[in-house]
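A.B. asks: Sequence plus the predicted model coming up.
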Amino acid sequence: MTKTIAKDTALAEITLRRYEKPENFKGRDLARKLCLSLGLLQAGDSRDVIVDVLSVVLKAKKELSSEEIEKLVIEERKKHKLPLLGIASSNIRRQLKRLRDILILEKVANNYRMNENASLSELFEEKIERFLIPSITSRIKEYVKKIDEEF
């Protein structure tokens, strides 16, 4: 008889990377570096629709439906002469969920907006730096302490 092993499902996660200072970046390139820095995008990844999803929500400064976001993402990718990859409705919703998971976006009824209509710098400081990261490091410390006791 095989033993069933519980799935290791993270309660919260974030990947942080440090890149060069942002002075030489603008527009989409700046949003791309942020996505890389927050682990939303992998270096060298050509499937970068998350950059456009974040960009259109930031530019809109209002609530948008997933359909509106999809339409704006397509326009954004055409404007930058990028391949229309990753623009399926299901993928757009997946990217929106990823931005919700790190507390940048929130869903109000069936629309998306910046969490609490706050600026990105406020959200990073309040939601990620003060809440998400400490909750993760606190739990890691619990594992480290338990391992110190066990071994």
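C.D. replies: Arrived safely, thanks for sending. Numbering: from 1, shown residues only.

A.B. asks: so who does Ala31 touch?
C.D. replies: By C-beta atoms under 8 Å, 6 or more residues apart in numbering, the contact set of Ala31 is Val51, Leu54, Ser55, Leu58. Just so you know, the C-beta spots here come from the backbone N, C-alpha and C atoms, and that holds for glycine as well.

A.B. asks: can I assume it sits in a strand?
C.D. replies: No. Counting by DSSP: H, G, I helix; E, B strand; the rest coil, Ala31 is located in no strand; its state is helix.

A.B. asks: gap between it and Leu54?
C.D. replies: Per C-beta to C-beta, to the nearest Å, Ala31 is found 6 Å from Leu54.

A.B. asks: got it, and Leu34?
C.D. replies: 7 Å.

A.B. asks: Show me which of the two is the more surrounded one.
C.D. replies: Under the neighbour definition other C-beta atoms under 10 Å, Leu34 and Leu54 were set side by side, and Leu54 has more, 27 against 21.

A.B. asks: helix/strand/coil for that one?
C.D. replies: Under three-state DSSP, Leu54 falls in the helix class.

A.B. asks: pretty sure it is in contact with Leu99, am I right?
C.D. replies: Yes. Assessed by C-beta atoms under 8 Å, Leu54 is found in contact with Leu99 at 6.4 Å.

A.B. asks: Common neighbours of the two, please.
C.D. replies: Common contact partners of Leu54 and Leu99 (C-beta under 8 Å, 6+ apart): Leu40.

A.B. asks: Excluding chain neighbours, give the residue nearest to Trp63 in space.
C.D. replies: Actually, residue 63 is Glu rather than Trp. Leaving aside its sequence neighbours, Glu63 sits nearest to Asn111 (C-beta to C-beta, 6 or more residues apart in numbering; 3.8 Å).
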